[in-house]
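Participant: Got a predicted model here, sequence first, then my questions.
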Amino acid sequence: MNLPVVPKKSLGQNFLNSERVLVRIAEATKLSKDDTVLEIGPGLGALTAKLLETAGKVIAVEKDDTLYSILSEKFAKQIKSGQLTLINQDIQDFDPKTLKKGYKLAANIPYNLTGLIIRNFLSGHYQPEIMVLLVQKEVVDRILAHDGKESLLSISVKVYGTPKRITNVARGNFNPVPRVDSAVFSVENISRDRFISPEFEDLFFKVIHAGFGHKRKMLVRNLIDEQFGTRELWEIEFPKRSLKTTIRSEELTVDDWIFITNVLYNNH
Ligand code: SAM
């Protein structure tokens, strides 16, 4: 397929050309006519068109001026009817507060923004109800702890919701063809219910950062080094949850981290 633009590498422009994957993303977003969906980086509008088939409203934020012009023309009818709002902006400057509460998020995002988008939308004040993203396959493998090892990323996602792989996407499904394979994943049931207060949420992230600070060390060593409790404290507390004091951070579940945060929260 010939593209109507020269793709910009700096904006991660790899356009999806698989109908199967577009359908899987739209289905995973579980849209109805009552829903507002935010799309990041609509590009040439392949996913936008799919989302418009089922969503009540689509808000699409595209940074590239040329693509914004193309999209404005292509979707003139939907823009006029109010079903589509097209915004020519960097997603980093976009304030989700302008969206209806309980909005959904769907996107094939540029690789360099993956971490930022996952972080900002999951931990932001205006969380989406559900998030469906097409990202590098390796990122999805890590979020789902494919190798049995949890990480800072996997715990940071799982504490807010339930991640699931929707489908893998081979690199040949994009134009131009990227250097790595991709995958679609969703996060459902997004909330901050696991945190009893903003201070607890704050402490939780400090604790997991400390815990994953030095991979080779045991968890207790990492916690003590960062002034999170003493050996004596953890020798009393860990057995209460049947955790060995020799455990490594990658072996802990979200519930274990919540337990550790609770001990510290109640001790200060
Ligand atoms: N959604 C289209 C598709 O599936 O074919 C395009 C996906 S392409 C991987 C990423 C899109 O994000 C491009 O259209 C690019 O211009 C846009 N983009 C890159 N950085 C952005 C940013 N900071 N804010 C908003 N859009 C951005």
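Facilitator: Great, that's in hand.

Participant: switch to C-alpha atoms for all contacts and neighbour counts from now on
Facilitator: Noted.

Participant: ok, now which ones touch L113?
Facilitator: Taking Cα atoms under 8 Å, 6 or more residues apart in numbering, we find L113 in contact with no residue.

Participant: Helix, strand, or coil at it?
Facilitator: Under DSSP: H, G, I helix; E, B strand; the rest coil, the three-state class of L113 is helix.

Participant: gap between T66 and N88?
Facilitator: Between T66 and N88 the distance is 10 Å, computed by Cα to Cα, to the nearest Å.

Participant: what about these two, which has more around it?
Facilitator: Using other Cα atoms under 10 Å as the criterion, T66 and N88 rank with N88 on top: 18 against 14.

Participant: I figured that one hits L67, correct?
Facilitator: No - the criterion here is Cα atoms under 8 Å, and N88 misses it with L67 at 9.2 Å.

Participant: what do T66 and N88 both touch?
Facilitator: Common neighbours of T66 and N88 (Cα under 8 Å, 6+ apart) do not exist.

Participant: in which helix or strand would I find V263?
Facilitator: helix 254-267 (DSSP states H and E).

Participant: how distant is that helix from the center of its chain?
Facilitator: 24 Å (Cα atoms, centre = their mean, to the nearest Å).

Participant: ok, how many other residues are close to the nearest residue to T85 once chain neighbours are set aside?
Facilitator: Excluding the flanking residues, the one nearest T85 by Cα to Cα, 6 or more residues apart in numbering is I59, at 4.8 Å. Per other Cα under 10 Å, the neighbour tally for I59 reads 21.

Participant: do N222 as well
Facilitator: Residue neighbour count, defined by other Cα under 10 Å, stands at 23 for N222.

Participant: State the three-state secondary structure for it.
Facilitator: The three-state label given to N222 by three-state DSSP is helix.

Participant: how close does it sit to G229?
Facilitator: The value you get for N222 to G229, if Cα to Cα is used, is 10 Å.
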